[in-house]
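*Asks:* what follows is a protein structure lacking sequence information:
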Ligand SMILES: Nc1ncnc2c1ncn2[C@@H]1O[C@H](COP(=O)(O)OP(=O)(O)OP(=O)(O)O)[C@@H](O)[C@H]1O
């Protein structure tokens, strides 16, 4: 059976449904047996490349392919489908060879000049840009110190493209040029535009040629398998994969064409916990989903847990796993296959399956007591109830719902503090507010009150459930523990709490490929800084960054990153988070509109959304992101009043055919073509009041989270971003 390799995203350009079906039938037969009667796989007289073959798709259409006969196995590289005569013309002049500098496979059509750069083309939709005071005196790449020799002789960029790249003036224009080139050439141009050194680009994209095997076809097959080549050549394994590639549109490219770094983290065997960080849209989730499927394919008995912060995000992960590999079993916790779930649901699943006596023992270890209804969760409002019923001498910033909740979840539970004596001794590292002995004694009294109330209804809170689940998994003096997973993969790691980490650490035995974490500390919108070292998760030396943003245009990314300026974000290893992201896409600059009243703001939002709809943008690709639920409902109503089909999204998925109106928090993990961000720069009075009641360190943290929320929301837009500020 020959192996099929799709060249570029050509098949995606077969947009006609009937032709897609024909292409699929042809390629399916070819994959099974290239000698099948009717396929007519034939060489062409006088072709520039003797490997070229044509194949009969139907009476009218012909496929153009390259046949490679390496060591034993036949490969067909599928170039595309054309009407009969055009196919013959293409077949005569097309060649597949290796780039002489970096060994990458390239398909070239002889006598066809490389299209001249037309950077302006990418800005067709752009609104007028503010005048630039001084046009740059030197083109971008020479200004950064790159020469023609760097591009051509060291990186292997084809001469015509290199010369075009060396003349463009700005980074955006270079990006527009990069977008015209699929695969490694586009990636090289993006990295050059961002100022990366030639050596680092060669290393990151793995552009060093491999030694020859002595067989040119075999060399080509090996070249096709290199990670940088697989950004434009896809190996098709099986019919499902074939159907996916044929049917996929650009939005589905993530399933097939991974960035070399993404592929590395998908395939890499790790010797312990591994962390991939990266800004919004750099493909962290894509890496996790691919890695989970790759682990399942490697060992069908493996028990894989793929988890994230919320149930909504877990649902999206589950969808992606299904789309990537429908054969992978989605299973319950502890079974072979992939178990996808939100992290709190994971804790509940462990608690539910723990035998009674073992669970009791785990509760005693953590809480010093047992609860009668451990499968029930209590609402966070319990701390409010404590403060309403108990008078205290503590200052209001400490006798505060959010302070106490955090103290309990970040200090008391992770160390299984059960008595005042233990609490007086414990180090409260990372807590901004110092507590002397008497304050600690008073806080402990409130903790006891909290636990008394919890005992009354018998339930556990979410953090308690996480730590109890981890204690059960680790085992106690009387009961052995158990490991319910072989591989644990975690998305949105920045938002997870110590209880979550303890649980995740205990799920799989320490060892190779045990824990794989994706995080972006700039997107920490729920949790607190949680350095993992203290929780028994050691990642030293196993931490990498993704920097290429696939989702957000360079223009929108710049605006989003500007929201983070002037503050320091700390990652899961306690290090300052870097930015330095670049985008794979370019588009119009974000539009900033100003409103002075709510009514004016709603008018502006409606006007903009209506404009997009009039221009045939489909409603479900538009989102309006607002600060809170009240504003969400108000905005959805305002749109409806103006005849725009809008839906106020809560926990459910955004419905088809409607503009989604959702809170910025809820927008996490989603993406839309066009986004309106409302109420920027405006703080609701009740929010201002809430911030004012917090201790200084907590307020700083809360304000930082607010900026992160804005960054998250702004990076949901793929194409256009409109920002409405309200004073
Ligand atoms: N190799 C790729 N080729 C094409 N598109 C890609 C690739 N990798 C990721 N994408 C696309 O980029 C977008 C962002 O990917 P993904 O959601 O994995 O990023 P992320 O880093 O998890 O983002 P966030 O942190 O904002 O949730 C998605 O639309 C995804 O399909």
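*Replies:* Sure, I can see it. It should be emphasised that the depicted structure is a prediction, and the values quoted were computed from it without experimental measurement.
*Asks:* how about the nearest residue to residue 531 once chain neighbours are set aside, what does it touch?
*Replies:* Distance criterion Cβ to Cβ, 6 or more residues apart in numbering; nearest residue to residue 531, sequence neighbours excluded, is residue 574 at 4.1 Å. For every residue, glycine as well, the C-beta is placed using N, CA and C. Going by Cβ atoms under 8 Å, 6 or more residues apart in numbering, residue 574 touches 529, 531, 533.
*Asks:* can you turn the buried part of those residues into a PyMOL selection?
*Replies:* Buried members of these, defined by 16 or more other Cβ atoms under 10 Å, are picked up in PyMOL with:
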select buried, resi 529+531
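*Asks:* turn the contacts of residue 574 into CSV, including secondary structure, pLDDT and distance to residue 383.
*Replies:* As requested, the contacts of residue 574 are exported to CSV (DSSP: H, G, I helix; E, B strand; the rest coil; pLDDT from 0 to 100; distance: Cβ to Cβ, whole Å):
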residue, secondary structure, pLDDT, distance to residue 383
529, coil, 77, 21
531, coil, 80, 25
533, helix, 81, 28
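*Asks:* thought residue 164 was touching residue 177?
*Replies:* Yes: with contact defined as Cβ atoms under 8 Å, residue 164 reaches residue 177; the gap is 6.2 Å.
*Asks:* thinking again about what came up before, cross-check the contacts of residue 574 against the ligand and keep the overlap.
*Replies:* Counting by Cβ under 6 Å from any ligand atom, nothing from those sits close to the ligand.
*Asks:* pull out the buried residues from the helix or strand bottoming out on mean pLDDT in the chain.
*Replies:* Taking mean pLDDT, DSSP states H and E as the measure, the helices and strands of the chain show their lowest mean at helix 238-247, namely a mean of 73. Across helix 238-247, burial judged by 16+ other Cβ under 10 Å covers 241-246.
*Asks:* next secondary structure after it?
*Replies:* Using DSSP states H and E, the helix or strand that follows helix 238-247 in sequence is helix 260-267.
*Asks:* quick one: contacts for residue 408?
*Replies:* Residue 408 sits next to 383, 447, 450, 463 when contact means Cβ under 8 Å, 6+ apart.
*Asks:* hmm, try it at 10 Å
*Replies:* 382-383, 414, 417, 443, 446-447, 450-451, 461, 463-464 (Cβ atoms under 10 Å, 6 or more residues apart in numbering).
*Asks:* per-residue pLDDT, it?
*Replies:* The per-residue pLDDT reported for residue 408 equals 94.
*Asks:* helix/strand/coil for it?
*Replies:* With DSSP: H, G, I helix; E, B strand; the rest coil as the basis, residue 408 sits in helix.
*Asks:* quick check: it vs the ligand, distance?
*Replies:* Applying Cβ to the nearest ligand atom, to the nearest Å, one obtains 29 Å for the distance of residue 408 from the ligand.
*Asks:* can you add distance to residue 476 and give the contacts of residue 574 back as CSV?
*Replies:* As requested, these are exported to CSV (distance: Cβ to Cβ, whole Å):
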residue, distance to residue 476
529, 30
531, 27
533, 24
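*Asks:* helices or strands next to the helix or strand containing residue 609 in the packing?
*Replies:* Assigned by DSSP H and E, residue 609 belongs to helix 598-614. Helix 598-614 sits against strand 591-595, strand 622-626, helix 629-641, strand 646-648, strand 659-663, strand 672-680, strand 717-726, with contacts defined as 3 or more Cβ pairs under 10 Å, 6 or more residues apart in numbering; DSSP states H and E.
*Asks:* 6 Å instead?
*Replies:* strand 591-595, strand 622-626, strand 672-680, strand 717-726 (3 or more Cβ pairs under 6 Å, 6 or more residues apart in numbering; DSSP states H and E).
*Asks:* please, which helix or strand holds the closest residue to residue 368 other than its chain neighbours?
*Replies:* With sequence-adjacent residues excluded and distances taken as Cβ to Cβ, 6+ apart, residue 368 is closest to residue 418, at 3.4 Å. Following DSSP H and E, one finds residue 418 outside all helices and strands.
*Asks:* can you tell me the residue of the stretch 401-550 of the chain closest to the ligand?
*Replies:* residue 550 (3.2 Å; Cβ to the nearest ligand atom).
*Asks:* part of a strand, is that residue?
*Replies:* Yes: judged by three-state DSSP, residue 550 forms part of a strand.
*Asks:* what is the burial count for it?
*Replies:* Residue 550 is flanked by 17 other residues according to other Cβ atoms under 10 Å.
*Asks:* contacts only, for it.
*Replies:* Residue 550 is in contact with 281, 283, 584, counting by Cβ atoms under 6 Å, 6 or more residues apart in numbering.
*Asks:* pick out whichever of residue 164 and residue 177 has more residues nearby.
*Replies:* For residue 164 versus residue 177, neighbours defined as other Cβ under 10 Å are more numerous around residue 177 (27 against 21).
*Asks:* helix/strand/coil for the more buried one?
*Replies:* helix.
*Asks:* local confidence estimate at it?
*Replies:* 94.
*Asks:* what of residue 322?
*Replies:* Residue 322 is given a pLDDT of 95.
*Asks:* may I have the phi/psi pair for residue 38?
*Replies:* Main-chain torsions, residue 38, degrees, to the nearest 10: phi 100, psi -20.
*Asks:* do you know how far it is from the ligand?
*Replies:* Residue 38 is 35 Å from the ligand, by Cβ to the nearest ligand atom.
*Asks:* check that residue and give its pLDDT.
*Replies:* Residue 38 is given a pLDDT of 90.
*Asks:* check residue 148 too.
*Replies:* 96.
*Asks:* ok, and the closest non-adjacent residue to residue 596?
*Replies:* Residue 596 sits nearest to residue 727 (Cβ to Cβ, 6+ apart), 5.8 Å away.
*Asks:* how many residues are close by the one you found?
*Replies:* Residues near residue 727, counting by other Cβ under 10 Å: 8.
*Asks:* over to residue 50?
*Replies:* 11.
*Asks:* quickly find the element holding residue 210.
*Replies:* Per DSSP H and E, there is no helix or strand for residue 210.
*Asks:* tell me the phi and psi of it?
*Replies:* phi -90, psi 150.
*Asks:* before we move on, what about residue 82?
*Replies:* Residue torsions, per degrees, to the nearest 10, at residue 82 are phi -140, psi 160.
*Asks:* report the buried residues of stretch 385-399.
*Replies:* For stretch 385-399, by 16+ other Cβ under 10 Å, it's 386-387, 392, 394, 397-399.
*Asks:* still on that earlier bit, also near the ligand: which of the contacts of residue 550, exactly?
*Replies:* Among those, the ligand is touched by 281, 283 when using Cβ under 6 Å from any ligand atom.
*Asks:* just the contacts of residue 550: which has the poorest pLDDT?
*Replies:* residue 584 (88).
*Asks:* measure that residue to residue 189 for me?
*Replies:* Residue 584 sits 10 Å away from residue 189 when distances are taken as Cβ to Cβ, to the nearest Å.
*Asks:* picking up where we left off before, and which of the contacts of residue 550 is nearest residue 370?
*Replies:* residue 283 (44.5 Å; Cβ to Cβ).
*Asks:* adjacent strands (with direction) for whatever helix or strand residue 276 lives in?
*Replies:* In the assignment (DSSP H and E), residue 276 maps to strand 274-278. Sheet pairing of strand 274-278 (DSSP bridges) gives strand 515-519 (parallel), strand 543-546 (parallel).
*Asks:* the first one: how far from the chain's middle?
*Replies:* To tie it back to what came earlier, the one meant is strand 515-519. Taking Cα atoms, centre = their mean, to the nearest Å, one finds the center of strand 515-519 at 11 Å from the center of the full chain.
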